[in-house]
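Enquirer: next one to model:
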Amino acid sequence: MSEEQQVDSKEDMVRAFLSDNPTFLADNPDILEILDLPHNSGKAISLVERQVGVMRDRNREMRGRLDNILTVANDNDLLFEKTKRLVLNLLEAENLTDMVSVIYDSLGNDFEISFFSLILLDDNKTQLNTKARVVTVAEANNGIGAVLNATSAVCGVLRDEEMTFLFGEAGSQVGSVAAIPLRSNDLYGILALGNTDPGFYKSTIGTLFLDYIAEVLNRLLPKHLA
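Expert: Residues are numbered from 1 along each chain as shown. Sure thing, here's the model as predicted:
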């Protein structure tokens with residue numbers, strides 16, 4: 001065996017021994033006095049100092065992760081409270097006018113969503129005393145057919161004419177959209193949310209909130225449209 005191979009073998013043995021006996025250096029602190037590791041500054045530091053530095057970095061990383069988890073948990077709590085408030089107010093609405101007002105007030109003031117719209121489908125285009133816009137099924141198919149015929153929420157950047165159909169004149173300010181068709185037994189509307197940032201609503205984002213609100217509306221709106 002060459003001298004180089006002997007050195008490698010001894011290093012492997014030391015590594016294996018320390019791995020099998022992780023408390024060896026702690027139990028034999030005198031050895032630490034003769035162990036030095038190079039530092040970026042060029043100075044020598046003890047193994048303990050190096051370990052302290054590593055642990056400090058790990059603790060800093062873990063604190064960052066914990067802070068992120070707590071922030072997400074707090075955001076989820078706020079989202080839950082706002083959603084619960086919206087659902088309870090929808091349940092208390094006595095007519096379509098009240099229900100649409102609840103939706104618009106919640107999305108605009110509570111959730112602080114930049115752009116939103118509720119479009120209802122009615123081939124007779126019955127005039128409704130609400131903030132919702134009423135269009136025929138044919139108009140909706142021509143204007144926003146991709147959303148109307150979707151089986152789930154559609155997210156991303158739409159064509160200019162589609163933005164205008166959903167949000168009117170404000171459509172030119174909308175960068176990205178999350179929209180979902182409203183249907184029970186029949187298709188009867190579209191709920192759309194918009195943001196100025198083209199990357200805010202993307203096909204890869206979760207749509208749990210929008211899906212849930214749509215499910216609630218699917219159960220409550222039809223009785224007020226009858």
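Enquirer: could you use CA atoms for every contact and neighbour count after this?
Expert: Fine.
Enquirer: how much space separates residue 22 from residue 10?
Expert: 18 Å (C-alpha to C-alpha, to the nearest Å).
Enquirer: and stretch 174-193, C-alpha only, in CSV?
Expert: As requested, C-alpha coordinates have been extracted for stretch 174-193 and formatted as CSV (Å, rounded to 0.1, in the frame of the first residue of the first chain):
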residue,chain,number,x,y,z
VAL,A,174,-56.2,44.3,-15.4
GLY,A,175,-53.0,42.2,-15.9
SER,A,176,-54.2,38.8,-14.8
VAL,A,177,-57.5,37.1,-14.0
ALA,A,178,-59.0,34.3,-11.9
ALA,A,179,-62.5,33.5,-13.2
ILE,A,180,-64.9,30.6,-12.6
PRO,A,181,-68.2,29.6,-14.2
LEU,A,182,-71.2,29.4,-11.8
ARG,A,183,-73.4,26.5,-12.3
SER,A,184,-75.9,24.3,-10.4
ASN,A,185,-77.9,22.2,-12.7
ASP,A,186,-77.6,25.0,-15.3
LEU,A,187,-74.9,27.5,-16.1
TYR,A,188,-76.0,30.9,-14.8
GLY,A,189,-73.0,33.1,-14.3
ILE,A,190,-69.3,34.0,-14.0
LEU,A,191,-67.4,35.3,-11.0
ALA,A,192,-64.1,37.0,-11.9
LEU,A,193,-61.2,38.5,-9.9
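Enquirer: same question for it, mean pLDDT?
Expert: Averaging pLDDT along stretch 174-193 gives 90.
Enquirer: again with stretch 55-62
Expert: Averaging pLDDT along stretch 55-62 gives 82.
Enquirer: ok, and what's touching it?
Expert: Contacting residues not belonging to stretch 55-62 are not present [C-alpha atoms under 8 Å, 6 or more residues apart in numbering].
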